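Chemist: dropping a prediction and its sequence here:
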Amino acid sequence: MTDTETRTVRGGLAAKGRSKPPKALRMSVELPLWRALTGYRILTLVYTLCLVGLSYQNYEHPLGAAAYMGALTVWMVLTWRRTTSAERCTRHFLLADLGFAVGGILLTPLVDTHARIMDGAPTLPSIWTAGAVLGFAIKGGWRWAAVASSAVAVANLVERQELARDTVHNVVLVWVASVAIGYVVEVARASERTLARALQIEAATRERERLARDIHDSVLQVLAMVQRRGAAIGGEAAELGRMAGEQEVALRTLVAGGLVSPPRAAAATVPHPAGEGAADDAVAAAPAAPAAPAPEPAGDGPCDVRALLAPFAGAGVTFSEPGAPVELPAAAAAELAAAVSAALDNVRVHAGDGARAWILVEDEPRAVIVTVRDDGPGIPEGRLADAEREGRLGVALSIRGRLRDLGGAAEWVSVPGQGTEVELTVPKGTAPEGGRRGKARA
């Protein structure tokens, strides 16, 4: 391996070491519920104060009713922020809040007349009581809600001292509503955990694919080059090439997500060179040396795609471009050029030395389309899927993966005996996720 190749591999590994996995999106479906509960408690306190004020002269002990309402108002002023988030709303607060509600219900017979109570007059805390029960529902789910609403139900029955229709109606309504809300909260939490886990898996998968793509573009190609040249030189170099071939197969298996097979298992795929045909077998098992990479775009502004793709033109490659600049963000243009380079590598490996390739750049209003076509033998049906399962990820990662990260797509059209056409589409105004990432090629 030459010094240039060694520096290239080290640079690629260093770039991968500096990369950080994307952070999972943090969210909370409970926050709107806590805000709604805070608003409910404030509004129902105002309503209860007005209700008690309008009936003040009708109480048997109006000063007692006023004292309770004063204590409830002070309690609300001191604790209204407790219901703005799950962290602030502790169990001790919920118990104290429920105690204020239950205490107000049990205090009602002491300050109000029996006649008013039997006529269906509201309790001292009135509908404010539901706020205390809903706090249990949002904090602990339907089980906590059932316990809190049951305590309120018992207090209401003790206050009324009979199973009146309106009392039973109110008790059942509070119990059903709180349990239903608690159950909905539990379902929402489970859905949130599932979504967060799915986002973490997606982020980890994208990072794995990016690292696998970088490995394919650097380490795997260098190992294949060592294998091919070692087989051609023979002697001790042939043994070195065989070992490089074994490691290439193991690394491809690891990148593809499977179990790494024992090193000696690669001997069947990459035979030890023992004659004139050995070098040909090694070349067939390893990809050809990639073309020189396209020049890196300078800066982060718009970049003319034509300038990055023009160096690919040569004796066997025809490049066609529009007359006007075809601009993409620099990072997106670099990824597109890398995908085109990978497509040309596939042409050199699979279409043969005498195959020709054509690159066509099209500037559409909303996207840039680059088509790479060759006159080789074409791709047999199912070959791309088989290659991905075998760990040969040039199409899966170096081409399709790059285009997916850009929000675009890569499509293959191949007819046996008539060549292959790859259409790469990149929407305008896009950039790779996580910003531009360094890429090293062997």
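Modeler: Sure thing, it's come through.
Chemist: so where's this structure shaky on pLDDT?
Modeler: For the chain, residues meeting the criterion pLDDT under 70 lie at 1-28, 163-164, 166, 208-218, 220-221, 248, 251-300, 380-398, 430-442.
Chemist: how far away is the residue positioned nearest the centre of it from Glu30?
Modeler: The centroid of the chain falls nearest to Leu199 when counting by CA atoms, centre = their mean (3.1 Å). To Glu30, Leu199 is 18 Å away according to CB to CB, to the nearest Å. The way it works is simple: take the backbone N, C-alpha and C, and place the C-beta from them, glycine included.
Chemist: got the contact list for Asp353?
Modeler: Not one residue lies near Asp353 by CB atoms under 8 Å, 6 or more residues apart in numbering.
Chemist: switch to numbering from 31
Modeler: Noted, 31 is the first residue going forward, which turns the last one into Asp383.
Chemist: may I see the buried residues of stretch 111-127?
Modeler: Within stretch 111-127, the residues that count as buried by 16 or more other CB atoms under 10 Å are 112-113, 119, 124, 127.
Chemist: okay, and which of those residues map to helices?
Modeler: Under the assignment DSSP state H, the buried residues of stretch 111-127 contribute 124, 127 to helices.
Chemist: reformat the buried residues of stretch 111-127 as JSON lines; add distance to Ile409.
Modeler: Below are the buried residues of stretch 111-127 laid out as JSON lines (distance: CB to CB, whole Å):
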{"residue": "Arg112", "distance to Ile409": "65"}
{"residue": "Thr113", "distance to Ile409": "63"}
{"residue": "Cys119", "distance to Ile409": "61"}
{"residue": "Leu124", "distance to Ile409": "65"}
{"residue": "Asp127", "distance to Ile409": "69"}
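Chemist: looking at the buried residues of stretch 111-127, spot the one nearest Ala162.
Modeler: Minimum distance to Ala162 across the buried residues of stretch 111-127 is 4.5 Å, recorded for Asp127 (CB to CB).
Chemist: contacts only, for that closest one.
Modeler: Asp127 neighbours (CB under 8 Å, 6+ apart): 105, 109, 112, 161-162, 165.
Chemist: and the gap between it and Arg227?
Modeler: Noted for Asp127: a distance of 33 Å to Arg227, by CB to CB.
Chemist: with Ala381 instead?
Modeler: Taken as CB to CB, the span from Ala381 to Arg227 is 44 Å.
Chemist: do Ala97 as well
Modeler: Counting by CB to CB - Ala97 and Arg227 are separated by 52 Å.
Chemist: please apply the same query to Ala354.
Modeler: Counting by CB to CB - Ala354 and Arg227 are separated by 47 Å.
Chemist: now do the helices in the stretch 181-330 of the chain.
Modeler: 195-245, 251-263, 266-285, 306-315 (DSSP state H, counting those that start in this stretch).
Chemist: which elements pack onto the first one?
Modeler: Secondary structure elements in contact with helix 195-245, counted by 3 or more CB pairs under 8 Å, 6 or more residues apart in numbering; DSSP states H and E, are helix 33-48, helix 159-170, helix 172-190, helix 266-285, helix 430-435.
Chemist: swap in 10 Å and give it another go.
Modeler: Applying 3 or more CB pairs under 10 Å, 6 or more residues apart in numbering; DSSP states H and E, one finds that helix 195-245 contacts helix 33-48, helix 61-84, helix 159-170, helix 172-190, helix 266-285, helix 360-380, helix 430-435.
Chemist: so how far is stretch 105-117 off the chain centroid?
Modeler: Stretch 105-117 sits 34 Å away from the centroid of its parent chain (CA atoms, centre = their mean, to the nearest Å).
Chemist: that one: end-to-end distance?
Modeler: Chord length of stretch 105-117, first to last residue, is 19 Å (CA to CA, to the nearest Å).
Chemist: need the residues that contact it.
Modeler: Stretch 105-117 is contacted from outside by 58, 60-61, 63-72, 74-76, 118-120, 123-124, 126-127, 130, 158, 161-162, 164-165, 168-169, using CB atoms under 10 Å, 6 or more residues apart in numbering.
Chemist: the same query, at a cut-off of 7 Å, please.
Modeler: 60, 64-65, 67-68, 71-72, 75, 118-119, 123, 130, 165, 169 (CB atoms under 7 Å, 6 or more residues apart in numbering).
Chemist: closest one to Trp388 out of these, please.
Modeler: Using CB to CB, Glu60 comes nearest to Trp388 of the contacts of stretch 105-117, at 57.3 Å.
Chemist: angles on the backbone of the closest one, please.
Modeler: The phi/psi pair for Glu60 (degrees, to the nearest 10) reads phi -80, psi -20.
Chemist: how close does it sit to Glu222?
Modeler: Applying CB to CB to Glu60 and Glu222 gives a distance of 8 Å.
Chemist: show me where the stretch 281-430 of the chain has strands.
Modeler: 332-334, 347-350, 357-359, 387-393, 397-404 (DSSP state E, counting those that start in this stretch).
Chemist: now mean neighbour count too, for those, in a markdown table please.
Modeler: As requested, the strands of the stretch 281-430 of the chain are exported to a markdown table (neighbours: other CB atoms under 10 Å):
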| stretch | mean neighbour count |
| --- | --- |
| strand 332-334 | 19 |
| strand 347-350 | 15 |
| strand 357-359 | 22 |
| strand 387-393 | 19 |
| strand 397-404 | 21 |
